[in-house]
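In: Output the structure for:
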Amino acid sequence: MEALKILVVDDESRMRKLVKDFLTKKNFQVLEAGDGEEAMDIFYKEKDIALLILDVMMPKMDGWEVCREIRKNSKVPIIMLTARGDERDELLGFELGVDEYISKPFSPKILVARVEAILRRTGQSNPDDVLSAGGIVIDKAAHQATVDGNPMDLSFKEFELLTYFLENEGIALSREKILNSVWNYDYFGDARTIDTHVKKLRSKMGDKGEYIKTVWGMGYKFEVGE
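Out: Just a heads-up that it's a prediction; the model follows:
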């Protein structure tokens, strides 16, 4: 399978290099643009860009203008980067059809995790994708999960929950978000059902169970120790 192309648009070359290095490690092909006009040229020339990472503040043509132009004829996923944590910015971004919104400074690992999660959500990753992290391997097509090579006997929801955690590695997930994503919006149960499933999942994962960290007052985060 060909590497998915990601266009990184930022007027700071240092920032572009940082993002590019982390994405390249995950086998993405990264294209770079230093301003909005260059970004538009590359976008129309390349045709098969899978996702854009777009800075708001740029010369010639800012991130909002680029987003407006692209949204006229493309639904390509867009992640906006901004130095401003302004709620109005965020609302404008979502009105323009931005998929994710990340404030600087950010962790490159979190950015990569968001990129991967969006691409899976939009069906642009390999459908028989194999996810792996810290000795845990999930084969979505075969519906199998192993820990250190040993098969795990998981219920359907435990498998879906573990898959969701790996797809969002490094991201703190609220119980509500997990409930909506894994159990869907039509589930009217109690959020405590998540705690029960996490408890069972941790025990089936053995010592790898500690990768599912509790975020007090919020939910959980799947994170492999360094």
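
In: any low-confidence regions in the chain?
Out: Within the chain, the ranges that satisfy pLDDT under 70 run 1-2, 84-91, 93, 123, 125-129, 141, 184-190, 226.

In: quick one, strands of it?
Out: Along the chain, counting by DSSP state E, strands occupy 5-9, 29-33, 49-55, 78-82, 100-103, 130-133, 136-139, 144-147, 150-151, 173-174, 212-215, 219-222.

In: Among the ones you listed, which comes closest to Thr163?
Out: Taking Cβ to Cβ, strand 136-139 is the member of those nearest to Thr163, at 5.5 Å. C-betas here are computed from N, CA, C, even on glycine.

In: Mean neighbour count and distance to Gly206 for the strands of the chain - can I get that in a markdown table?
Out: Formatted as a markdown table, the strands of the chain follow (neighbours: other Cβ atoms under 10 Å; distance: least, Cβ to Cβ, whole Å):
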| stretch | mean neighbour count | distance to Gly206 |
| --- | --- | --- |
| strand 5-9 | 23 | 35 |
| strand 29-33 | 18 | 37 |
| strand 49-55 | 24 | 35 |
| strand 78-82 | 22 | 35 |
| strand 100-103 | 16 | 33 |
| strand 130-133 | 14 | 15 |
| strand 136-139 | 18 | 10 |
| strand 144-147 | 18 | 6 |
| strand 150-151 | 9 | 9 |
| strand 173-174 | 18 | 22 |
| strand 212-215 | 14 | 12 |
| strand 219-222 | 21 | 15 |
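
In: Identify the residues contacting the one residue sitting closest to the centre of the chain.
Out: Nearest to the geometric centre of the chain sits Arg114, at 1.9 Å (Cα atoms, centre = their mean). Neighbouring residues of Arg114 by Cβ atoms under 8 Å, 6 or more residues apart in numbering: 79, 100, 102, 171.

In: Can you tell me how far it is from Lys45?
Out: 26 Å (Cβ to Cβ, to the nearest Å).

In: do the same with Gly135
Out: Taking Cβ to Cβ, one finds Gly135 at 42 Å from Lys45.

In: Looking at those two, which one has more neighbours?
Out: Shown here are Gly135 and Lys45; by other Cβ atoms under 10 Å, Gly135 has more neighbours (16 against 9).

In: Can you pull the phi/psi pair for the nearest residue to that one once chain neighbours are set aside?
Out: Of all residues not flanking Gly135 in the chain, Asp148 sits nearest, at 4.8 Å (Cβ to Cβ, 6 or more residues apart in numbering). Main-chain dihedrals, Asp148, degrees, to the nearest 10: phi 50, psi 40.

In: What of the one 5 residues further on?
Out: Torsion angles at Asp153 (phi, psi; degrees, to the nearest 10) stand at phi -90, psi 90.

In: any idea how far it is from Ala133?
Out: Going from Asp153 to Ala133 by Cβ to Cβ gives 20 Å.

In: Next: Arg14.
Out: Separation of Arg14 from Ala133 (Cβ to Cβ) stands at 28 Å.

In: Stretch 104-113: how far from the chain's middle?
Out: 10 Å (Cα atoms, centre = their mean, to the nearest Å).

In: Please apply the same query to stretch 137-153.
Out: 22 Å.

In: who touches it?
Out: 127-132, 135-136, 154, 159, 162-163, 166, 204-206, 208.

In: Drop anything exposed from these.
Out: 129, 131, 135-136, 154, 159, 162-163, 166, 204-205, 208 (16 or more other Cβ atoms under 10 Å).

In: Distance to Lys5 added to those, as JSON lines?
Out: Converted to JSON lines, those look like this (distance: Cβ to Cβ, whole Å):
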{"residue": "Asp129", "distance to Lys5": "18"}
{"residue": "Leu131", "distance to Lys5": "21"}
{"residue": "Gly135", "distance to Lys5": "30"}
{"residue": "Ile136", "distance to Lys5": "28"}
{"residue": "Leu154", "distance to Lys5": "34"}
{"residue": "Phe159", "distance to Lys5": "31"}
{"residue": "Leu162", "distance to Lys5": "29"}
{"residue": "Thr163", "distance to Lys5": "25"}
{"residue": "Leu166", "distance to Lys5": "23"}
{"residue": "Lys204", "distance to Lys5": "38"}
{"residue": "Met205", "distance to Lys5": "35"}
{"residue": "Lys208", "distance to Lys5": "33"}
